[in-house]
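Asker: here's my sequence, what's the structure:
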Amino acid sequence: MSKSFKKVAVLLTLGAFLGSSLLAGCGTTPTNTANTGTDNKKTSELTGQALKDAVKKEGKIVSYGMPDAWANYGEIWANFTKQYEITHSDTDMTSAEEIAKFDAEKNSPVADIGDVGITFGNVAIARDVVQAHKVPTWNEIPDWAKDKDGRWTGEYVGTIAFLVNTKLVKDVPHSWADLQKPEYKGAVVVGDVLKAAQSQAAILAAAFANGGDEGNLTPGIDYFKKLAQAGNLKPSDNIFSIFQKGEIPIGILWDFNALGYRSRLDDKDNYQVVIPSDGTVASAYVSVINKYAPHPNAAKAFQDYLLSDEGQILLAKGFARPIREKVQIPADIAKNMVPKEQYASAKPIKDFATWEKNMKTIPDLWRNNVAITQ
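Answerer: Numbers count the residues shown, from 1 in each chain. Here you go, the predicted model:
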């Protein structure tokens with residue numbers, strides 16, 4: 001399974017793992033350097049040349065769930081390791097696995113840093129496997145996208161969007177209300193709502209657009225019920241291979257997936273990515289530093305770099321929208337993204353506990369009310 005599909009499967013919904021044991025695993029075991037709370041406090045105070053010297057002395061950084069092919073991390077890692085004269089290695093895994101590995105390996109830690117869906121930030125805190133660090137650009141990160149003590153920090157944002165094949169759709173829809181028009185009969189693909197996190201997030205996005213929220217999904221379910229009754233829903237998954245076959249007129253998915261898919265399609269000029277103007281949901285991926293990190297200075301320096309202007313721009317180059325809105329994205333990169341003004345309707349989740357609880361009811365609500373099968 002590709003990194004994008006693994007990550008989509010955890011964004012927003014990996015909170016479902018809260019009630020179950022997280023996966024545990026093992027990895028290579030390095031010599032465990034001193035990683036007590038006192039040592040972590042010392043490393044957190046290092047800045048400038050002192051931090052750079054400490055990172056160079058550590059000699060490497062190890063990550064989980066941050067492979068080269070995801071969100072332009074390849075270029076990001078290359079720039080960072082060159083700047084600090086260290087090496088990097090990554091093991092690809094889901095958010096749940098990252099946290100489980102931090103915990104399972106605490107006596108012989110391997111990884112220093114990870115990238116998880118925002119729901120899992122608090123899971124990591126509950127498992128006591130992360131340490132605090134506030135990057136120099138801390139004040140520019142929205143309050144909803146960071147732990148107040150710095151134990152997880154938002155990096156980039158995903159927003160539910162429409163990916164529209166203009167060869168199949170004459171008039172591009174710009175809102176959820178538009179999708180209800182007769183001209184879109186059999187044209188709208190939301191994917192597998194019974195299993196896929198991305199598709200379940202679409203329910204929440206439609207709820208936001210119709211007066212609901214994470215505590216009230218009824219408007220979202222009612223919306224898709226009407227869409228199904230009108231015959232506008234097309235029973236199909238919304239993965240890249242089906243877009244590649246030209247079989248999806250309008251797909252509902254994360255904007256970074258939509259942009260990534262479009263960039264890979266041979267007929268990419270026939271596709272538009274649209275943020276629905278009447279409401280949608282935005283969520284973030286967050287950076288977490290292992291409490292037991294063998295190379296804590298390197299982890300903190302990397303987090304600083306990722307949240308710097310340069311790091312945020314490189315994420316945008318990989319279609320991941322920077323968490324810091326003040327960052328000026330160069331024109332050659334911005335032209336491949338959705339214009340910022342389209343995001344005026346996007347709202348973040350404010351009550352994650354409620355979303356996690358209500359998200360689990362979506363499959364039954366879908367079966368009992370919408371009744372469209374794949």
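
Asker: residue 332 in helix, strand or coil?
Answerer: Following DSSP: H, G, I helix; E, B strand; the rest coil, the label given to residue 332 is helix.

Asker: for residue 285, same thing?
Answerer: Once three-state DSSP is applied, residue 285 turns out strand.

Asker: OK, contacts around it?
Answerer: Counting by CB atoms under 8 Å, 6 or more residues apart in numbering, residue 285 touches 7, 11, 71, 115-118, 154-156, 158, 320. All C-beta atoms are positioned from the backbone trio N, CA, C, and that covers glycine.

Asker: so what sits opposite it in the bridge?
Answerer: Counting by DSSP bridges, residue 285 forms beta bridges with residue 117, residue 156.

Asker: from residue 217, how far off is it?
Answerer: With distances taken as CB to CB, to the nearest Å, residue 285 is found 23 Å from residue 217.

Asker: now residue 179
Answerer: Taken as CB to CB, the span from residue 179 to residue 217 is 18 Å.

Asker: for those two, indicate the residue with more neighbours.
Answerer: More crowded of residue 179 and residue 217, by other CB atoms under 10 Å: residue 179, with 25 against 21.

Asker: hmm, residue 227 and that one touching each other?
Answerer: Yes - contact status for residue 179 versus residue 227: in contact at 6.4 Å, counting by CB atoms under 8 Å.

Asker: and for those two, which residues touch both?
Answerer: The contact lists of residue 179 and residue 227 share residue 188, where a contact means CB under 8 Å, 6+ apart.

Asker: what about stretch 200-219, distance to the chain center?
Answerer: How far stretch 200-219 lies from its chain's middle: 19 Å, per CA atoms, centre = their mean, to the nearest Å.

Asker: what's the first-to-last distance across that stretch?
Answerer: Length of stretch 200-219, first residue to last, CA to CA, to the nearest Å: 13 Å.

Asker: pull out the buried positions in that stretch.
Answerer: For stretch 200-219, a neighbour-count test (16 or more other CB atoms under 10 Å) marks 200-210, 212-214, 217, 219 as buried.

Asker: nearest to residue 338, of these?
Answerer: In terms of CB to CB, no member of the buried residues of stretch 200-219 lies closer to residue 338 than residue 205, at 14.7 Å.

Asker: my read is that the closest one contacts residue 160, right?
Answerer: Yes - between residue 205 and residue 160 there is a contact at 3.9 Å, judged by CB under 8 Å.

Asker: what do these two both touch?
Answerer: 252, 276, 280-281.

Asker: want to throw these into JSON lines with pLDDT and secondary structure?
Answerer: Formatted as JSON lines, those follow (pLDDT from 0 to 100; DSSP: H, G, I helix; E, B strand; the rest coil):
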{"residue": "252", "pLDDT": "98", "secondary structure": "strand"}
{"residue": "276", "pLDDT": "98", "secondary structure": "coil"}
{"residue": "280", "pLDDT": "98", "secondary structure": "strand"}
{"residue": "281", "pLDDT": "97", "secondary structure": "strand"}
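
Asker: any idea how far the closest residue to residue 84 other than its chain neighbours is from residue 269?
Answerer: The shortest distance from residue 84 to any non-neighbouring residue, by CB to CB, 6 or more residues apart in numbering, is to residue 55 (4.7 Å). Between residue 55 and residue 269 the computed distance is 43 Å (CB to CB).

Asker: compare those two (neighbour count), which wins?
Answerer: Legend: neighbour count by other CB under 10 Å for residue 55 and residue 269, higher for residue 55 (27 against 10).

Asker: which helix or strand contains that one?
Answerer: Applying DSSP states H and E as the criterion places residue 55 in helix 48-58.

Asker: buried ones in that helix?
Answerer: Going by 16+ other CB under 10 Å, helix 48-58 has these buried residues: 51-52, 54-55, 58.

Asker: show me where the stretch 1-150 of the chain has its strands.
Answerer: 60-64, 87-91, 113-117 (DSSP state E, counting those that start in this stretch).

Asker: the last one vs strand 60-64, what angle?
Answerer: Counting by axes from the mean of the first three to the mean of the last three CA atoms, to 10 degrees, strand 113-117 lies at 20 degrees to strand 60-64.

Asker: quick one, strand 113-117 and strand 87-91 angle?
Answerer: Using the same axes, to 10 degrees, strand 113-117 lies at 40 degrees relative to strand 87-91.

Asker: dump the C-alpha coordinates for strand 113-117 into CSV.
Answerer: The C-alpha atoms that make up strand 113-117 are tabulated as CSV, following Å, rounded to 0.1, in the frame of the first residue of the first chain:
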residue,chain,number,x,y,z
ILE,A,113,10.7,12.0,15.4
GLY,A,114,7.4,11.1,13.7
ASP,A,115,4.5,12.5,11.6
VAL,A,116,1.0,11.6,12.8
GLY,A,117,-2.6,12.5,12.2
